[in-house]
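> would you be able to build a 3D model of this:
(4 chains, ligands or ions: 4)
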Protein chains: 4
Amino acid sequence: MLNGERRIARPLRWAMVGGGRLGQVGYKHRIGALRDNTAFQLVAGAFDIEPERGKDFGVNIGVSEGRCYPDYKTMFASEALREDGIEVVSIATPNGTHYEICKAALEAGLHVICEKPLFFTSEEGENIKALAKKKDKIVGVTYGFSGNQMLLQMRAMIEQGKIGDIRVVDLQYTHGFNSNDKSDKTSDAQKWRIDPKVAGPSFVLGDLSTHTYYMSQLIMPEMKIKRLLCDRQSFIESRAPLEDNAFVMMQYENGAVGRLWTSSINAGCMDGHRIRIVGTNASLEWWDSKPNELRYEVQGESIQTLIRAMPYLDEACMADERLGALHQEGLSESWANIYLKFAIAIDAKNRKDEEALSNLVYPDIDAGIAGIRWIENCVRSADNGAVWVEFEANKELSSTQ
Amino acid sequence: MLNGERRIARPLRWAMVGGGRLGQVGYKHRIGALRDNTAFQLVAGAFDIEPERGKDFGVNIGVSEGRCYPDYKTMFASEALREDGIEVVSIATPNGTHYEICKAALEAGLHVICEKPLFFTSEEGENIKALAKKKDKIVGVTYGFSGNQMLLQMRAMIEQGKIGDIRVVDLQYTHGFNSNDKSDKTSDAQKWRIDPKVAGPSFVLGDLSTHTYYMSQLIMPEMKIKRLLCDRQSFIESRAPLEDNAFVMMQYENGAVGRLWTSSINAGCMDGHRIRIVGTNASLEWWDSKPNELRYEVQGESIQTLIRAMPYLDEACMADERLGALHQEGLSESWANIYLKFAIAIDAKNRKDEEALSNLVYPDIDAGIAGIRWIENCVRSADNGAVWVEFEANKELSSTQ
Amino acid sequence: MLNGERRIARPLRWAMVGGGRLGQVGYKHRIGALRDNTAFQLVAGAFDIEPERGKDFGVNIGVSEGRCYPDYKTMFASEALREDGIEVVSIATPNGTHYEICKAALEAGLHVICEKPLFFTSEEGENIKALAKKKDKIVGVTYGFSGNQMLLQMRAMIEQGKIGDIRVVDLQYTHGFNSNDKSDKTSDAQKWRIDPKVAGPSFVLGDLSTHTYYMSQLIMPEMKIKRLLCDRQSFIESRAPLEDNAFVMMQYENGAVGRLWTSSINAGCMDGHRIRIVGTNASLEWWDSKPNELRYEVQGESIQTLIRAMPYLDEACMADERLGALHQEGLSESWANIYLKFAIAIDAKNRKDEEALSNLVYPDIDAGIAGIRWIENCVRSADNGAVWVEFEANKELSSTQ
Amino acid sequence: MLNGERRIARPLRWAMVGGGRLGQVGYKHRIGALRDNTAFQLVAGAFDIEPERGKDFGVNIGVSEGRCYPDYKTMFASEALREDGIEVVSIATPNGTHYEICKAALEAGLHVICEKPLFFTSEEGENIKALAKKKDKIVGVTYGFSGNQMLLQMRAMIEQGKIGDIRVVDLQYTHGFNSNDKSDKTSDAQKWRIDPKVAGPSFVLGDLSTHTYYMSQLIMPEMKIKRLLCDRQSFIESRAPLEDNAFVMMQYENGAVGRLWTSSINAGCMDGHRIRIVGTNASLEWWDSKPNELRYEVQGESIQTLIRAMPYLDEACMADERLGALHQEGLSESWANIYLKFAIAIDAKNRKDEEALSNLVYPDIDAGIAGIRWIENCVRSADNGAVWVEFEANKELSSTQ
Ligand SMILES: NC(=O)c1ccc[n+]([C@@H]2O[C@H](COP(=O)([O-])OP(=O)(O)OC[C@H]3O[C@@H](n4cnc5c(N)ncnc54)[C@H](O)[C@@H]3O)[C@@H](O)[C@H]2O)c1
Ligand SMILES: NC(=O)c1ccc[n+]([C@@H]2O[C@H](COP(=O)([O-])OP(=O)(O)OC[C@H]3O[C@@H](n4cnc5c(N)ncnc54)[C@H](O)[C@@H]3O)[C@@H](O)[C@H]2O)c1
Ligand SMILES: NC(=O)c1ccc[n+]([C@@H]2O[C@H](COP(=O)([O-])OP(=O)(O)OC[C@H]3O[C@@H](n4cnc5c(N)ncnc54)[C@H](O)[C@@H]3O)[C@@H](O)[C@H]2O)c1
Ligand SMILES: NC(=O)c1ccc[n+]([C@@H]2O[C@H](COP(=O)([O-])OP(=O)(O)OC[C@H]3O[C@@H](n4cnc5c(N)ncnc54)[C@H](O)[C@@H]3O)[C@@H](O)[C@H]2O)c1
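Ligands and ions are numbered 1, 2, ... in the order given. Take a look at the predicted model:
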């Protein structure tokens, strides 16, 4: 159970690039990082592509005016000069800027927390991985939904054999907010998402399904995809070549099969993620729209609904518990959970406690690269006519994968 | 609203082949046909592969002993001699026997109601279609779930443009009762299902997904599959070459995409069918485990749940209403609905009222052949390595398709 | 498992009074009685207050014209003269006619199946009970929802101590179809319901909650109400003195407490019955809008949902199973279940097999009288200002209560 | 939409009394107050009845050691001497201490945020109200669930006539965690709850239903209870005279009726609050276990489910939105919402902006007193034998009631 007491010696001095007043995801970072004020302290920022708005915003959320910077370069340079300069930076800018900002941050000696999809190519990912290694720094990736502790419950139950051997993996992350092209024209956040120069090689595959893919790997780290096939579509034609809908089929090395649907044109759908793992004798199912529940369906027995915070849950799940039974948690707690793990990872890295690090399950650079590879494999399949392709994975996967 | 009053001049004299005491599906036929005693009257039967058991059973359900026959040939021959002989026969025997019994029934001048999957090959289907035409007889196919009137509501709403143009079709019919191989060894009904000589070229594709495919065509008759890809598995190896799980991906002629999951190893799943149709501005979703509900999700509006029997439903849906609001209907009403349509079709055919016939939406011989073709296309894809194949459809589809 | 095979030697010759073309509940009787054609055979009827419409209707549902009678007196008299005359009659007319028709039927030597609320006063109930005893006849009462076998599952689990001692009983049967007074003016079935001369001393208490009260007694036969308090309202004033909404609070002899809400002005509510029984360590909950499910909530354990037709259910529950797993049953099966029990009861009574009778759990004359007493107690409380009153129960309750 | 930007000029200097390491509710206060670091800053505390543990804890959550006080008196005295001393204090100690701490805080010139049930008697409430008025200070009460913005949606829809005139109010707040007496003996938080000297005149009526009562008043401020009747029980006898279960029936001045069930022995129930308001033409229903949904059931129309964060919601609801569509909020956002309103109220009070204050809807001293009166009325009824009593309400209710 977490109650806000410190897990590391002192809060880390933290800054953000992006995530300004009009940014979609910035507030989730702050909610996650600052939940308890014992893991991170927001002391600086280059919050906005428009410096003035960024400064106004920064001051409004409590950053001192002098540390509201016009751009990340200035910030990294200026903060490096301070004794109490920032130690870690989160990057919440459009995809196409992640690589250069990440690189600059590492080179400035900072730990990095970066939005997904991490970069455009896995090669970039490997470069950053090498750089982080050289600099002895953490790179975390904000697969924000993955912090829900019911996923750790699934992971524990699968590891303990509670569903038997995995046969079928059914993944979904869809919504319908782009059913028409209105927001393509009016929303800044949507405009760049369908521009390959900023978004990268995919729209929904990267924007949505990288989360889901990571969550599936978190839940069942032993499962490796062998081949996959992806069919992607641009139902709003002006989005081409980027897709607003895609189906993926997977074949795993152990003989299991899987499928994934990701979409932003699933009109009216408000459920977000759905994850179902079918084993030889039981299934587990979790929807992020019901984040406090987990269905456990043993063939031939009554259906079980496990409820967050109850003592019958695995200790790995309960370790991330905050509010207690009858009290609903939501996405903000997911973010708080992963940000707390980032803090613990950074602290361990700073203390050179590699053992602590290796025991920590969190979305690290390998998880980020794995997400890029997921996109690469899907796009390769789709662009060859929705054919089966051998799955190219990270060369060495971290223990958490 | 239906209340049991006759829809045809007098009940048809009806017999069954199969569907005996231990048969799984026989009771559903009787429940469907005899709901009101104004459409069918059960007067004869060759209910069982074991004649004695069949006779004992027949008598127990009210058939006079003399009309409980040892086999279908005897029944067709004997009944042909009676003035009050049977007019229509239902076939509820294992798949491998359907063709010869259908043929014999038509040749004996009977209308036929046959279980799905209709036959092993579409060629057989075309033969029977030709024979039925020659004999001026109806062949109905018992896609039993398709009688749920909420499907007609979906059909009406789609036709009326309530969801816009269809983009995504998501179909599922899965259960987990064959997660292990226990019943393969102990249940007669399961033994034949995994024997290609009796089951035909597929297990779950035929046993389960032919229903779902038909229902999808019922709901959206204008949608034609162009290409599909099927990956099928035998998780219990002894079931090979027949599959206990399959994924299908579809591309429709109008640019829509679809997918279907059928399985008997989806451990713990008790939901049966799930059908979701996504249009440009809204989606419709129906689960057979919630047969009295239909979800209508308009993007940007509150989610709507339409409830069976309510006056806001389409008249096509209300026409099949029986119990009224607050009173749950279930699978028995679905069967009653399709059997009533069989009766009306037979009556119209007898009266040579082709106009009435052409206005009637029910699972006819073309629907049966379409189901076989569905299997053929899936198997062709799967057996070529889960590749895309051009979809071969019925040459001429009836208006109901 | 039931499959339609006969449970009694031959079907009973059955007639109906009321339940004509426009009657609300008549079709449910026929659906229940005639499910399998092995329990009842509909051979005569006085279906309608308007004789011509009744005859036309009777013929349409397959009764021979000569046995479609203008009124019940003629029917009882004429049928008594036939060798193949009716043996049992169902009464599906407005409440105010039940007593005289019941009496006439018993005096004509018939078994009786009568709608609820049985009569206006418990005294009338005791009279009919005495008459039935004298005539050695069965009087059954069509608490139609009570046939759902999941209620027997609840009964078995409670008896087996699966929830511990009962502490709280929470009952609800509400709808919103009378939220305004439109149907008071337009619907025949509604007009008489708010006329005390025809409806008796209550509207929703009798129309709705007598079902629920019986179901609660079926589920937990040991629980006796000691005191109750009822507050009833006529939100549509023209319905006064009859209520369209009522709250009841109960205190049971064992120290448990209960409450019930019945309403026809619960706007938008489509759930019908909800029954929750709370014990010392677990609760059971059933809603008739989800007739195939039962929630079993053990304090401190994952929530269990028991699904109809699954082998883990009690044999008392499985005995009434028809369609099998994955196949939804609904209200028509509930009615079929109670009508089958009526047939078995009548057959046992005819065979003077009192042991068989005493083992049979079904809504008998005592259940009917208990329903009247329920109303009497509620009305007595309400009309004295919603005060606590000692609960007056049937003097001797049958084993099924 | 909220994104953490300041709503008041600078964060308030805030302290807590109670809410220490083992306290149940303390973390919820910090989560609520510190969500954005722009409303409150935690600078001091007397967190624990055991000073050492309190100090250790305080330091761990970031309070400087010198401002972790051994008791509230020392804190109020010491902080008064500082220029940067605390301005507002939250009280999260057992009920029996609220009054004296509140009084001391007001006398020390502090704004107060206090846990519910506020005090033991409404007289104490009026005293504190008078004192707060004299001192020109805010007293807020942490009805934590009431911050869920879907309640404001209900309030807006009711005010706009979307359900018509209110007829029935159905309230529930129950759980089963005290089904047995284990925690009575082992949990500190439970021990005092069943000790009248610390808990006051009630257990669940105060512990649970004061929330629900307040929420009902928030939703429908025009509705005034005229009479109520309460039956309370101590199913675990050692809890007597305090109740672990209670039923309440209400009659409102406008002719509506209501009921409430509160319990800690509703075994297995994990739903917390359920609120249903029935109007002449529609109903609204909200469960805190589904905090992102609101059911809107218009009689005769399809059931509507309104989803948090969607643009069709009322602006009063959207004003408290943070995470955006598809992103689940939970109890922590409810607390953040009410704490933000406390901050705004305090700021307005400090600025003597009575107009701003009067437009603010939040749980103020009157809401706290109303909660005490609710208990008093219920207990008076229950202890007189569960009889109807005239409802004694606050003499003058604030505009938010
Ligand atoms: N983890 C999640 O759940 C999640 C959710 C949404 C978005 N994202 C990811 O977060 C990133 C941002 O997405 P968004 O939807 O918030 O985008 P957005 O367009 O809404 O916001 C981007 C923000 O970054 C600022 N910005 C842009 N370029 C900048 C620069 N060079 N320097 C400083 N600030 C700059 C903008 O001013 C804006 O405030 C994307 O990579 C996206 O994929 C992740
Ligand atoms: N429409 C549906 O929902 C549905 C459901 C289940 C089965 N089915 C189909 O129904 C058919 C039967 O399946 P089932 O599960 O009932 O099989 P089953 O093995 O349970 O029953 C078959 C019945 O047919 C009898 N039989 C077998 N051969 C016969 C013969 N030559 N003459 C007379 N009787 C014979 C058997 O004695 C038995 O009573 C299959 O085609 C199956 O695909 C359809
Ligand atoms: N068990 C249930 O679930 C359920 C449901 C609805 C109604 N009911 C009960 O059934 C009874 C009938 O209710 P309803 O809603 O069907 O009423 P209704 O008014 O809709 O129908 C009454 C029927 O009885 C006929 N009738 C009336 N008086 C008659 C007479 N003297 N002789 C012959 N026929 C006569 C009418 O013509 C009509 O067909 C009532 O007692 C009611 O409480 C029970
Ligand atoms: N708003 C809600 O949702 C909610 C939820 C739970 C409890 N509560 C209320 O909060 C209050 C506390 O309940 P709890 O369950 O957290 O109790 P608890 O017994 O779990 O915690 C009480 C805390 O107060 C401390 N404390 C006790 N006396 C103190 C004193 N004189 N000075 C300083 N600290 C002291 C204890 O050390 C402990 O940390 C109660 O009034 C309760 O009704 C409200």
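> could you say which helix or strand holds A:Leu260?
Following DSSP states H and E, one finds A:Leu260 within strand A:257-263.
> does that strand come close to chain D?
No - using C-beta under 8 Å from any C-beta of the partner chain, strand A:257-263 stays clear of chain D, with a minimum separation of 12.4 Å. Backbone N, C-alpha and C define where each C-beta goes, glycine included.
> and that strand with chain B, contact?
Yes - using C-beta under 8 Å from any C-beta, strand A:257-263 reaches chain B at A:257, A:259, A:261, A:263.
> what ranges do the strands span in chain A?
Taking DSSP state E to define them, one finds strands in chain A at A:12-18, A:40-46, A:88-92, A:111-114, A:139-141, A:166-174, A:225-233, A:245-252, A:257-263, A:272-279, A:282-287, A:293-298, A:303-307, A:388-390.
> need these in JSON lines (columns: distance to chain C and mean neighbour count).
Output for those, formatted as JSON lines (distance: least, C-beta to the nearest C-beta, whole Å; neighbours: other C-beta atoms under 10 Å in any protein chain shown):
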{"stretch": "strand A:12-18", "distance to chain C": "38", "mean neighbour count": "26"}
{"stretch": "strand A:40-46", "distance to chain C": "35", "mean neighbour count": "25"}
{"stretch": "strand A:88-92", "distance to chain C": "37", "mean neighbour count": "26"}
{"stretch": "strand A:111-114", "distance to chain C": "35", "mean neighbour count": "28"}
{"stretch": "strand A:139-141", "distance to chain C": "32", "mean neighbour count": "27"}
{"stretch": "strand A:166-174", "distance to chain C": "18", "mean neighbour count": "24"}
{"stretch": "strand A:225-233", "distance to chain C": "30", "mean neighbour count": "23"}
{"stretch": "strand A:245-252", "distance to chain C": "25", "mean neighbour count": "24"}
{"stretch": "strand A:257-263", "distance to chain C": "22", "mean neighbour count": "25"}
{"stretch": "strand A:272-279", "distance to chain C": "16", "mean neighbour count": "24"}
{"stretch": "strand A:282-287", "distance to chain C": "12", "mean neighbour count": "24"}
{"stretch": "strand A:293-298", "distance to chain C": "7", "mean neighbour count": "22"}
{"stretch": "strand A:303-307", "distance to chain C": "4", "mean neighbour count": "20"}
{"stretch": "strand A:388-390", "distance to chain C": "33", "mean neighbour count": "16"}
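> out of these, which is closest to ligand 4?
Ranking the strands of chain A by their distance to ligand 4 (criterion: C-beta to the nearest ligand atom) puts strand A:303-307 first, at 18.2 Å.
> ok, and what's touching that closest one?
By C-beta atoms under 8 Å, 6 or more residues apart in numbering or on different chains, the surrounding residues in contact with strand A:303-307 are A:150, A:153, A:292-298, A:312-313, A:325, B:268, B:270, C:302-305, C:307, D:270.
> ok so, going back, how about the strands of chain A, which one is nearest ligand 1?
The closest of these to ligand 1 is strand A:12-18. By C-beta to the nearest ligand atom, the value is 3.1 Å.
> can you get me a residue count around A:Glu52?
With neighbours defined by other C-beta atoms under 10 Å in any protein chain shown, the count for A:Glu52 comes to 10.
> one more: the one 4 residues further on?
Counted with other C-beta under 10 Å, the neighbours of A:Asp56 add up to 17.
> how about it: what's its closest non-neighbour residue?
A:Arg21 (7.7 Å; C-beta to C-beta, 6 or more residues apart in numbering or on different chains).
> and that neighbour, what does it touch?
When contacts are counted by C-beta under 8 Å, 6+ apart, A:Arg21 touches A:47-48, A:53, A:56-57, D:3, D:5.
> pLDDT weak spots in the stretch 251-400 of chain A?
For the stretch 251-400 of chain A, the stretches with pLDDT under 70 are A:396-400.
> how about 50 then?
With pLDDT under 50 as the threshold, the stretch 251-400 of chain A has low-confidence stretches at A:398-400.
> report the central residue of chain A.
Geometric centre of chain A, nearest residue: A:Tyr143, 1.0 Å, by C-alpha atoms, centre = their mean.
> how near is it to ligand 4?
Per C-beta to the nearest ligand atom, to the nearest Å, A:Tyr143 is found 31 Å from ligand 4.
> returning to that earlier point: okay, the strands of chain A in TSV with distance to D:Phe391 next?
Below are those laid out as TSV (distance: least, C-beta to C-beta, whole Å):
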stretch	distance to D:Phe391
strand A:12-18	53
strand A:40-46	49
strand A:88-92	52
strand A:111-114	55
strand A:139-141	56
strand A:166-174	50
strand A:225-233	62
strand A:245-252	57
strand A:257-263	53
strand A:272-279	44
strand A:282-287	43
strand A:293-298	38
strand A:303-307	36
strand A:388-390	72
